[in-house]
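Chemist: sequence first, predicted coordinates after that:
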Amino acid sequence: MVSALGIGVTLAAATIWAFASVVYKSALGSAGTETRDPLTSMGVRIAIIVGFLALILAFFGNFGPILALPADQALTYWVLGVVNGALTLVGDICYFNALRFIDSSRVYPLINIQILFTYPLAFAFFGENIPPWMWVAGILMIVGVGLISKKDVQDRGMEKRNAAEQQKTHLWGVVLGLCVGLSFALQYLALQGQNRIYNGVFESNFTRLASYAAIIWVFLFVTRKHLPRWSTPSDREQTLAYIKMGLVGCLSMGIGDSIYQIGVNENGSALSITLASMSALFNQFFAWGILKEKFRKNFLFGVFCIVLGTIIVVL
């Protein structure tokens, strides 16, 4: 029997993810944000998210079973947590830079092709079955990517660039968007590996995000070039924008990613992935309504192709 709780939390997660995307675009890829640093924003954001999640876990978490794991299982669990965090970091680097190049309504749907990578990789690593209609879903998703990737000059900021810069910027944005999908597919496999050892929704998410935070802050302190600053009005404005991203990230990576796992536990991966694919459609409406990005019919058709492909592959 389908769980109403599972449907509710999955749709809530999809809505949160879609909304977060337009906030990140506003902070990093809108007019007047050209000097903002994606790496600095990621460092500030993840520090706030980890602090928020640590507070939740202090009251509601249970690390006892993880600490009680046999040594070999504990090592595997924590190694997968670090790998998961590193893959999330790579995906975010691609994601935030893609948002600087092209519209949120173009980048976000490209991420949803991760399912094309997830199933073959799950077959290779875990022996899971490849759905019989995978080839149909693949064709639909490729058509969707083609429609969404079609170049135009309506991406915000494109009008300020010459033809050569437009072509380069557009290509980089699309490539980085697809790389996000691949990174997130690999991250999903690492999370599945952790859940096979201990299925703790918030705990596993925390190990991922804490690893992410440790990696990026070590980099920030070693290079020092990307550390947040507060000395000038411009520095303070940028840091406040990064803090805003962190607060939204608490909803997206802290709450959204965790409650999505609750949906998976309630209704299984197939239904949850199908419902979560609606996030790409929600993003279109947020991008049009909040960011005032241009409406493109080909984007809407492309998103429908990707969502339909996702539905077919999990049926």
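Modeler: Good, I have the coordinates.
Chemist: what's the first helix or strand after the helix or strand containing A20?
Modeler: Element membership of A20 [criterion: DSSP states H and E] is helix 4-28. Toward the C-terminal end, the helix or strand that comes next after helix 4-28 (DSSP H and E) is helix 38-60.
Chemist: using CSV, write out every CA atom in stretch 289-301.
Modeler: In CSV, the C-alpha atoms belonging to stretch 289-301 read as follows (Å, rounded to 0.1, in the frame of the first residue of the first chain):
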residue,chain,number,x,y,z
GLY,A,289,7.9,33.6,-11.3
ILE,A,290,10.8,34.6,-9.1
LEU,A,291,13.8,35.1,-11.4
LYS,A,292,11.6,36.4,-14.3
GLU,A,293,13.5,34.1,-16.7
LYS,A,294,12.1,33.8,-20.2
PHE,A,295,9.4,31.3,-20.9
ARG,A,296,10.5,28.8,-23.6
LYS,A,297,8.1,26.2,-25.0
ASN,A,298,11.0,24.0,-25.9
PHE,A,299,12.0,24.0,-22.2
LEU,A,300,8.6,22.9,-21.1
PHE,A,301,8.5,20.1,-23.7
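Chemist: list the buried residues in it.
Modeler: For stretch 289-301, burial by neighbour count (16 or more other CB atoms under 10 Å) applies to L291, E293, R296, F299, L300. For the C-beta atoms, the positions are set from N, CA and C on the backbone; glycine is no exception.
Chemist: so the first one sits against Y24, correct?
Modeler: So that's L291. No: L291 is not in contact with Y24 according to CB atoms under 8 Å; the separation is 10.7 Å.
Chemist: okay, now L171: neighbour count?
Modeler: Neighbour count for L171, taken as other CB atoms under 10 Å: 14.
Chemist: check which helix or strand covers it.
Modeler: helix 163-197.
Chemist: counting contacts, what elements does that helix pack onto?
Modeler: If you count contacts as 3 or more CB pairs under 8 Å, 6 or more residues apart in numbering; DSSP states H and E, helix 163-197 packs onto helix 71-101, helix 104-111, helix 114-126, helix 201-223.
Chemist: out of those, deepest packed?
Modeler: helix 104-111 (a mean of 29; mean count of other CB atoms under 10 Å).
Chemist: pull the CA atoms of that one into CSV?
Modeler: Coordinates of each C-alpha in helix 104-111 appear next as CSV, following Å, rounded to 0.1, in the frame of the first residue of the first chain:
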residue,chain,number,x,y,z
SER,A,104,18.3,28.0,-13.6
SER,A,105,15.4,26.8,-15.8
ARG,A,106,18.0,25.4,-18.2
VAL,A,107,20.5,23.9,-15.7
TYR,A,108,18.1,22.3,-13.2
PRO,A,109,16.3,19.9,-15.6
LEU,A,110,19.7,18.6,-16.9
ILE,A,111,20.5,17.3,-13.5
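Chemist: I'd like the helices and strands packed on helix 163-197 as a markdown table, with mean pLDDT appended.
Modeler: Putting these into a markdown table (pLDDT from 0 to 100) gives the following:
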| stretch | mean pLDDT |
| --- | --- |
| helix 71-101 | 91 |
| helix 104-111 | 84 |
| helix 114-126 | 74 |
| helix 201-223 | 91 |
